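J.: Sequence and predicted structure below; questions after.
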Amino acid sequence: MIALHAALVQALRRDPDLVYLCTWQPDLFVDEFGPERIRSMPIAENATLDFAVGLAAAGLRPVVDLARAAFLFTAMDPLVNQATKLRYLTGGQYAVPLTVRAQTRGGGESLGAQHEHLPYAMLAQVPGLVVAVPGSGAEAAGLLATAMTHPDPVVILESPALFTDEPHWAGGDVAGVPFGRVRIARRGKDITIVAIGLGVRHALTAADRLAEFGVSAMVVDVRTVAPLDIAGLAESAAATGSVLVVDEAIGPCSVASEIVANLATAEVVRPRQARRCTALPVPSPFSPALQRAVYPGPESIERQALALLGERSPA
Amino acid sequence: MTLADAATAVQRRDLPLYETMLRIRAFEETALELQRRGEVPGALHPATGHEAIAAGVCAHLGPADHVVSYYRCHGHALAVGVDPAAMFAELLGRATGLNKGKGGSMHLADRSHRFLGGNSIVGANVGIAAGMAAALRIRQEPGAVVVFFGDGAVGAGVVLETLRIAAHQRLPLLFVCENNGYQDRTRSELVSGIAPGAVAAGLGVPSTSVDGNDARAVADAAGALLPIVREERTARFLDAATYLRDFHCQFGPEPPGEYRPVDEVRRWRARDPLSRADFDLTEPRRRAVDEMRLAAAHALAQPEPSVNTVDDDLTAARW
Ligand SMILES: Cc1ncc(C[n+]2csc(CCOP(=O)(O)OP(=O)(O)O)c2C)c(N)n1
């Protein structure tokens, strides 16, 4: 069992109000928790998310496995108009402690433009919605553990690539990861590479290569894009004076833009020392060769980090 | 029993239905009056003409039942027992409104009455009601969920999806379609050739048709369906034919235009749910009007919400 599944099993055992909705039931869960709590739903994402809002309004705690983030688009009304508004609209009478899990892209799957999406900047615009984008399999488990105790809606957008080399869960409690707090994934003093989701893995690979050039790169995992840990980001940026923000989503109106804007406004780095390394503004191509050209990988991160450091004016 | 005794017994049985309908009518007419005076921000969707459905269905609610409504929700709120002064205060956007001034006319909710309340997205409330019904199953609680919606909602994908889910998962859910023949300005026949009840039946939820302007008929139908829904844990659909007196949506001080054929409106007016009583309603009508005037006056005296509350109730997270 991987850590993510351990987190789920532990939560299902601990909290009898937890209900898991999915289109594909893992046998493991059904055997232990039964079909009422591990609920198979038809391919009806719109109705499934409204259904989950109803479960939550009635006092249960639904976790919806939507499979692909792409299917969120059919279910935007329940998420945006219902789940995140009910507490506010009813003046606090009803709450929607809902967790939605959905996969983004990056597992080498080549599922094409309608299936591979990174919609976290869009979702970060929804007031009251927590948007978590784990940077590793263990982080996904920790963020899920927290989501399952959170009072309000949470979306967790996971890259399937994070689970490909995930070690077997060693046992013990899966600790929750706090929302709105960045994680230092690697310490360094020359440049801060801030990364989101699968970008964290690429940034760590790039940091290994940069070390061969004698560059010491810090890697910061953003973990939740809403709420965004602006203080934590500023602190790690100030520590090196240069920031490269790695985001697999496209650049315009992105979380990377938001981070750069905040760091520049806070004057923790000079504006020219805060850059974005983002995807080209095109839909996700099918061809792996084209994908390599669209998404930032270790090589482009390494190249841009060196360029950024090369432009640094002597202190 | 003499004929006169029998007539009195029928009256005694039906009087509560009429009292509920009169309270809804008086509430709506007071609300419209407030609106024409420019006191109400936003839109009103009055339930005048639909009263028999709210009164008839809610007459059979038990203590374990939940009600989910749509934007035309004032009548349902009154029929489940929500305080009209708090409702008026919400319509007026006051601090002491039912939803602290955060919801307005289309979103009245009162958890203490198990009333999840209104929803301004056509069809979404139906999916949410299904989840609440599933919660009753999962927790093995008694009771049913009743969801109200218009015939226009039956065109929404989420409603079709939910009918299928409710049938398959045997949800204790009563779908109540307030079939007034129109969806905003569009006559429903123009966009759908199949009656709401037939759609439901086709997707596995048996449907009953009823004259939605006849409170006794609605009450009898709901009284027959709700025990099945509760005890057999299975969904049912009630297709209630009705008509709006005050058309669709009232925005601003000017009454909206009337798009419906004059003789159609006249025909339905003659079948007003409140004109069917064969007993004297003068006294209950006067009581209802007095109650609603007083409630509205109370609401008008309430303060506006403090701007400090603008981000209250967005999240319960502590950070
Ligand atoms: C998803 C969605 N689409 C469109 C609207 C705009 N709209 C509000 S009420 C309405 C008519 C719905 O008619 P019906 O369901 O028959 O209910 P009625 O108003 O007749 O009671 C429409 C189209 C909306 N609120 N939500």
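T.: Looks like it came in fine.
J.: drop to CA atoms for contacts and neighbour counts, all remaining ones
T.: Noted.
J.: Name all residues that make contact with residue 66.
T.: Just so you know, I chose chain A. Going by CA atoms under 8 Å, 6 or more residues apart in numbering or on different chains, A:Leu66 touches A:22-23, A:45, A:72, A:100-103.
J.: That was the other one, I meant chain B.
T.: B:114-116, B:143-146.
J.: Please tell me which one of these counts the most neighbours.
T.: B:Ala144 (32 neighbours; other CA atoms under 10 Å in any protein chain shown).
J.: Distance check, A:Ala75 against the ligand.
T.: Between A:Ala75 and the ligand the distance is 12 Å, computed by CA to the nearest ligand atom, to the nearest Å.
J.: tell me the secondary structure for the residue lying closest to that residue once chain neighbours are set aside?
T.: Once flanking residues are discounted, A:Ala75 sits nearest to A:Asn46: 4.2 Å by CA to CA, 6 or more residues apart in numbering or on different chains. Recorded secondary structure, A:Asn46: helix (DSSP: H, G, I helix; E, B strand; the rest coil).
J.: Quick check: residues of chain A near chain B?
T.: A:36-37, A:41-42, A:44, A:46-60, A:77-78, A:81-82, A:84-85, A:87-94, A:127-128, A:150-152 (CA under 8 Å from any CA of the partner chain).
J.: So which of these belong to helices?
T.: Those of these mapping onto helices are A:36-37, A:46-57, A:87-89, per DSSP state H.
J.: Can you give me the neighbour number for the residue lying closest to B:Val80 once chain neighbours are set aside?
T.: Once flanking residues are discounted, B:Val80 sits nearest to B:Cys58: 6.3 Å by CA to CA, 6+ apart. Number of residues near B:Cys58 (other CA under 10 Å) recorded here: 25.
J.: How much space separates B:Cys58 from A:Ala121?
T.: 44 Å (CA to CA, to the nearest Å).
J.: wait, the residue nearest to B:Val80 sits on B:Gly81?
T.: No. Using CA atoms under 8 Å as the test, B:Cys58 is too far from B:Gly81 to be in contact (9.5 Å).
J.: what's the pLDDT at the closest residue in space to A:Thr149 that isn't next to it in sequence?
T.: Closest residue to A:Thr149 apart from its sequence neighbours, by CA to CA, 6+ apart: A:Pro97 at 7.9 Å. For A:Pro97, the pLDDT comes out at 98.
J.: Can you find the helix or strand of the chain with the lowest average pLDDT?
T.: Since no chain was named, I'll use chain A. Every helix and strand in chain A was compared by mean pLDDT, DSSP states H and E; the lowest is helix A:27-37, with a mean of 88.
J.: could you do chain B instead?
T.: Of chain B's SSEs (mean pLDDT, DSSP H and E), minimum confidence goes to strand B:250-251, a mean of 82.
J.: and that strand, what does it pack onto?
T.: strand B:43-44 (3 or more CA pairs under 8 Å, 6 or more residues apart in numbering or on different chains; DSSP states H and E).
J.: And the ligand, is the strand it packs on touching that?
T.: No. Judged by CA under 6 Å from any ligand atom, strand B:43-44 and the ligand are separated, with a smallest distance of 10.5 Å.
J.: Note down every partner strand of that strand and its orientation.
T.: Sheet pairing here is set by DSSP bridges, and for strand B:43-44 it gives strand B:250-251 (antiparallel).
J.: Report the separation between the residue nearest to A:Glu139 when sequence neighbours are not counted and A:Val246.
T.: Among residues not flanking A:Glu139 along the chain, A:Val177 sits closest, at 7.2 Å (CA to CA, 6+ apart). Distance of A:Val177 to A:Val246, computed by CA to CA: 21 Å.
J.: neighbour-wise, which of the two wins?
T.: A:Val246 (31 against 20).
J.: helix, strand or coil for that one?
T.: Per three-state DSSP, A:Val246 ends up strand.
J.: Please, which helix or strand holds B:Gly257?
T.: Remark: B:Gly257 resides in no helix or strand, with elements defined by DSSP states H and E.
J.: Can you get me a residue count around it?
T.: Around B:Gly257 there are 10 other residues, counting by other CA under 10 Å.
J.: Now do it against B:His76, distance only.
T.: 26 Å.
J.: For the residue nearest to A:Glu139, list the residues it contacts.
T.: Counting by CA under 8 Å, 6+ apart, A:Val177 has contacts A:139, A:142-143, A:145-146.
J.: Switch those residues over to CSV; also include distance to the ligand.
T.: Below are the contacts of A:Val177 laid out as CSV (distance: CA to the nearest ligand atom, whole Å):
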residue, distance to the ligand
A:Glu139, 37
A:Gly142, 36
A:Leu143, 32
A:Ala145, 33
A:Thr146, 32
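J.: of all those residues, which comes closest to B:His107?
T.: Closest to B:His107 out of the contacts of A:Val177 is A:Thr146 (30.3 Å), distances taken as CA to CA.
J.: for the helix or strand hosting the closest one, what is the average pLDDT?
T.: A:Thr146 belongs to helix A:137-147 when assigned by DSSP H and E. Helix A:137-147 shows a mean pLDDT of 97.
J.: other SSEs contacting the lengthiest helix in chain A?
T.: Assignment by DSSP H gives helix A:198-212 as the longest helix of chain A. Packed against helix A:198-212 by the contact rule (3+ CA pairs under 8 Å, 6+ apart) you find strand A:191-195, strand A:217-221, strand A:243-250, helix A:298-310.
J.: between the longest one and strand A:217-221, how many degrees?
T.: Put plainly, it is helix A:298-310. Put simply, helix A:298-310 runs at 120 degrees to strand A:217-221, going by axes from the mean of the first three to the mean of the last three CA atoms, to 10 degrees.
J.: for B:Arg23, what are its contacts?
T.: Per CA under 8 Å, 6+ apart, neighbours of B:Arg23: B:78, B:285, B:288-289, B:292.
J.: cool, A:Leu86 as well?
T.: Per CA under 8 Å, 6+ apart, neighbours of A:Leu86: A:92, A:94-96.
J.: tell me which of these is nearest to A:Gly214?
T.: Among those, and counting by CA to CA, the member closest to A:Gly214 is A:Val96, at 49.7 Å.
J.: wait, what's in contact with that closest one?
T.: A:53, A:56-57, A:61, A:83-84, A:86-87, A:151-153.
J.: middle-most residue in chain B, spatially?
T.: B:His76 (3.6 Å; CA atoms, centre = their mean).
J.: Helix, strand, or coil at it?
T.: Under three-state DSSP, B:His76 comes out as helix.
J.: From the ligand, how far off is the residue nearest to B:Val80?
T.: Taken as CA to the nearest ligand atom, the span from B:Cys58 to the ligand is 18 Å.
J.: how far away is that residue from B:Ala301?
T.: Taking CA to CA, one finds B:Cys58 at 30 Å from B:Ala301.
J.: Show me the beta-bridge partners of B:Ser207.
T.: B:Phe237.
J.: out of the ones in helices among the residues of chain A next to chain B, which are buried?
T.: Those of those that meet the buried threshold are A:36-37, A:46-57, A:87-89, by 16 or more other CA atoms under 10 Å in any protein chain shown.
J.: where exactly do the strands run in chain B?
T.: Ranges of strands in chain B, per DSSP state E, are B:43-44, B:66-68, B:115-117, B:145-150, B:173-179, B:182-183, B:186-187, B:207-211, B:236-241, B:250-251.
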